[in-house]
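> sequence and predicted structure, then a few things I'm wondering about:
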Amino acid sequence: MNEQRPVPPQYPTTATLMLLADRGDPFLRASARAASARQVIAELLELLPAEQREFGEQFEPAADALQHAAATLGSWQLSPQEATVLRLPIVPSWGEAPMLEDVWVGREPPRATGEAVYGFHGAITPLLGHLLNAIRNLEQGNYAYGAGLRRVMLAAAVAEFAARVEAAVSIYTAAVWDFERPSMPTGASGSARVELRSSPRTHPQARWARSARVLFLPGRVEITTAAGLEVIGDQVPIAGLLHVVPPSPRAVLTAYDPAERWAPVPLYDELGVVHLCDSDGYSQGAIAVADWLTQPELQIAQEVATIAGERPMAARDRLVWGLQVAGIVDGAAVLGVPVRRGVMHPPSRAPIRPATPASSSPPATPGYQPRPLIRLLRPAPHRQPYRGTGAKPQAAHKRRQQRLKTWRKDTGPGSVINHVVRAAAPAAIWIGGLGSAYLFAETIWARISVLWAAVAVLEPWLWWVLEHLRDRHPRRMSAAYRPGRYPGGSRAFAGRAALLFDGSSIGVRGPAGHIAWVAGPSDAHLGVVAVHRLLDGGTPWAIALVDQAGRWRFVLPIAQWVPSGDLTGLAGFAEAAGLTVADMPARQLPVTEDVFDERSAAAQPRPSGPPTRGMVILALWCLMVVPLTLAGSRWATFALLALAALATVPVVARWLWHLLLARTT
């Protein structure tokens, strides 16, 4: 499957559909998942103390089987028959068991004196059994070559159970690490507050990169999101934090949000969620760890990069260091509560009220949308959301189907009227055009039709402009550093990339307009206090903004952000912001997703505004009617041509603007 191909329209309710929703070659994806699960098991076996070796023996058959599965799946290639089936709008899945919940939610809350890892002992044995059975079934793939999707289904079963085993083993490994190598007491225990800031956002949601936050205070947590202010702990006290991997919905399912609000977040699944639990163990709300990190891949790898001889360890880096660098461990110290681990989510105390209501349609039907399993509080959407009837599951399913075709009529996201107005736009154009030119020129129906057609063309652009104006909050900056051009860099980077200081917070804006903010030196824990030039063997490779504890808050490639190698401008910014400057040794780290590194796919410009194809199709409807109105009314002909121009001229202007920004300097 092509990486750029839209996701399958049907909401994933089986392991096969889950695998196909994660775009790319399904066999390579499944092989990588098996290899990752094997690595996590190997790390646990290495970490277990001698007295738990007998406990670790149950994982050894799974590790050997996963190694075999990774090799087998890595050697498989899609047959022409399989590739043909995968291109169908609806992918068949014969006889496969439905998987209606992407994670487990416990029926009973965790007990304060119960097992160390909530739900682990009841889950791991059946999980390992299902995994071994799925790997044994791979032998069937040698005899069913090219027979529909049989091999893809076999690979999907391995990928799904490998992912679940990896999550369970990772969280248990983190708990073992906590017990065997406890961290030093955090300095936040005597503090009055710890504040987390949102991950990067771009227009038209950039304002939430600064406004959204999690504020840990003694006895309560205040969470500010696009939905408003949520205070947890003021009525029912918070008694503990429960860290669970992965979140729900899992990252692959965010593409199936009916309102299409979310963009991929690096390590979203791997870092998990933290539940704020009451004294009975019930969840009062949860936050996703990756939602409150600026550059997760780089931040969790800091220990590996800066400590001599340290090597990567997935569970420790993601689940132990991840909570520390995010500030959640500091937040727990302010609350005075422990952090526990779990392989399943605790039940919620209050009813979960989703932004998009769950559908009553049965699974595997176009309108299916499952109920939310946890009360997850996310900072804000990444994208302009669909509204009104356009945010219903049936409408979202139809959009996903259209994206597999050439004739894509969608002109959203827009206002609440967008979906209704666009549905009747072709009829309005024909009735308004022909009626105004001939028989019904003076009737109310012709005028209403012309007005309807005008609204269909103008509404997407006007709403887009309004959303961007709402997102603009000009601030007077106390200091700014702009790296400007670098060899091979785009004009977008030269014009947008910047470090900003407004007197209290420090922001970084990337080449595609993504921006993230962190506290400045006034924050005693997570505030940036220094700029470090990172050296690998004496060669500088990045600029890091670090907090009081030396934790990286931002890491920016030096070739782009200090292209001349002259630190004078950056040092001036640091002085104005009250930051120190120093050199620090650190091994260079590979990065796959970073909105502040122009080499990364995540830093490339995203589509903004009404879809090009949808607006061009509206213009084509207008132009098809024009020849029929020439012998009638010149006014009708002019109106249709004007509507076609209003639909397409902004599209062409936007295309030319993006071409200009993409030019290298």
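The structure has been received and is ready for your questions. Numbering: from 1, shown residues only.
> okay, now the unreliable bits of this structure?
1-5, 93-94, 143-148, 182-191, 355-359, 439-440 (pLDDT under 70).
> where is the longest helix in it?
helix 150-180 (DSSP state H).
> return the set of buried residues in it.
Buried positions in helix 150-180, judged by neighbour count with 16 or more other CB atoms under 10 Å: 150-178. (Glycine included, C-beta is placed from N, CA and C.)
> so what touches the next helix or strand after that helix?
Note on helix 150-180: by DSSP states H and E, the next helix or strand toward the C-terminus is strand 194-197. Outside strand 194-197, the residues within contact range by CB atoms under 8 Å, 6 or more residues apart in numbering are 188, 209-210, 212-216, 292, 294, 326-328, 330-331, 333-334, 516-519, 523, 525-526.
> looking at those, which are in helices?
Per DSSP H, the subset of these in helices is 209, 210, 326, 328, 330, 331, 333, 334.
> top of those by number of neighbours, please.
Neighbour counts for the ones in helices among the contacts of strand 194-197 (other CB atoms under 10 Å) peak at residue 331, which has 31 neighbours.
> ok, the closest residue to that one other than its chain neighbours - contacts?
Nearest residue to residue 331, sequence neighbours excluded (CB to CB, 6 or more residues apart in numbering): residue 216, at 3.5 Å. Going by CB under 8 Å, 6+ apart, residue 216 touches 193, 194, 195, 196, 330, 331, 332, 334, 335.
> which one of those residues sits closest to residue 624?
Within these, proximity to residue 624 (CB to CB) peaks at residue 196, which comes in at 53.8 Å.
> which strand residues bridge the closest one?
Beta-bridge partners recorded for residue 196 (DSSP bridges): residue 214.
> okay, buried residues for stretch 109-120 please.
109, 110, 117, 118, 119, 120.
> what's the end-to-end length of it?
End-to-end span of stretch 109-120 (CA to CA, to the nearest Å): 13 Å.
> and for stretch 291-308?
30 Å.
> what's the answer for stretch 375-391, then?
Note: stretch 375-391 ends 20 Å apart using CA to CA.
> tell me the gap between that stretch and the middle of its chain.
What separates the centre of stretch 375-391 from the centre of its chain is 12 Å, taken as CA atoms, centre = their mean, to the nearest Å.
> before we move on, what about stretch 419-434?
36 Å.
> then it to PDB, C-alphas only?
Provided in PDB are the C-alpha atoms of stretch 419-434 (Å, rounded to 0.1, in the frame of the first residue of the first chain):
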ATOM      1  CA  HIS A 419     -22.200  19.900   4.600                       C
ATOM      2  CA  VAL A 420     -25.800  20.800   3.900                       C
ATOM      3  CA  VAL A 421     -25.100  23.700   1.500                       C
ATOM      4  CA  ARG A 422     -22.500  21.700  -0.500                       C
ATOM      5  CA  ALA A 423     -24.900  18.700  -0.900                       C
ATOM      6  CA  ALA A 424     -27.400  20.800  -2.800                       C
ATOM      7  CA  ALA A 425     -25.000  23.100  -4.600                       C
ATOM      8  CA  PRO A 426     -25.000  21.400  -8.000                       C
ATOM      9  CA  ALA A 427     -28.800  21.500  -8.100                       C
ATOM     10  CA  ALA A 428     -28.800  25.100  -7.000                       C
ATOM     11  CA  ILE A 429     -26.300  26.000  -9.800                       C
ATOM     12  CA  TRP A 430     -28.400  24.400 -12.500                       C
ATOM     13  CA  ILE A 431     -31.700  25.800 -11.300                       C
ATOM     14  CA  GLY A 432     -30.300  29.200 -10.500                       C
ATOM     15  CA  GLY A 433     -28.400  29.500 -13.800                       C
ATOM     16  CA  LEU A 434     -31.000  28.200 -16.200                       C
END
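> quick check: beta-bridge partners of the residue nearest to residue 508 when sequence neighbours are not counted?
Distances taken as CB to CB, 6+ apart put residue 554 closest to residue 508, at 5.2 Å, once the chain neighbours are dropped. On the basis of DSSP bridges, residue 554 is bridged to residue 545.
> how far away is residue 554 from residue 663?
Distance of residue 554 to residue 663, computed by CB to CB, to the nearest Å: 27 Å.
> between those two, which has more neighbouring residues?
residue 554 (23 against 9).
> which residues does that one contact?
294, 295, 508, 516, 518, 528, 544, 545, 596.
> next, count neighbours for the fourth one.
So the one you mean is residue 516. Residue 516: 24 neighbours (other CB under 10 Å).
> so who does it touch?
197, 198, 199, 200, 201, 209, 294, 507, 508, 554.
> go on, the last one?
Taking CB under 8 Å, 6+ apart, we find residue 596 in contact with 200, 295, 497, 508, 510, 511, 514, 554, 556, 603.
> at 7 Å what do you get?
Each residue near residue 596 by CB atoms under 7 Å, 6 or more residues apart in numbering is listed here: 295, 508, 510, 556, 603.
> closest to residue 480 among the residues you listed?
Once CB to CB is applied, the member of the contacts of residue 596 that ends up nearest residue 480 is residue 508, at 11.2 Å.
> name the element the closest one belongs to?
strand 505-509.
> which elements pack onto that strand?
strand 498-501, strand 515-519 (3 or more CB pairs under 7 Å, 6 or more residues apart in numbering; DSSP states H and E).
> how far out from the middle of the chain is that strand?
So, by CA atoms, centre = their mean, the centroid of strand 505-509 is 21 Å from its chain's centroid.
> give the buried residues for it.
505, 506, 507, 508, 509.
> hang on, isn't residue 491 packed against residue 658?
No - assessed by CB atoms under 7 Å, residue 491 is found out of contact with residue 658, at 10.4 Å.
> those two: which is more packed in?
Using other CB under 10 Å, the more surrounded residue of residue 491 and residue 658 is residue 491, with 16 against 13.
> ok, now which ones touch the more buried one?
660, 661, 663, 665.
> make CSV out of these and add secondary structure.
Shown next, in CSV, are these (DSSP: H, G, I helix; E, B strand; the rest coil):
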residue, secondary structure
660, helix
661, helix
663, coil
665, coil
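> just send those residues back as TSV, with distance to residue 432 too.
TSV is the format used below for the contacts of residue 491 (distance: CB to CB, whole Å):
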residue	distance to residue 432
660	36
661	37
663	41
665	47
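> looking at the residues you listed, spot the one nearest residue 227.
residue 661 (32.7 Å).
> not counting sequence-adjacent ones, nearest residue to the closest one?
According to CB to CB, 6+ apart, the nearest residue to residue 661 is residue 492 (3.9 Å).
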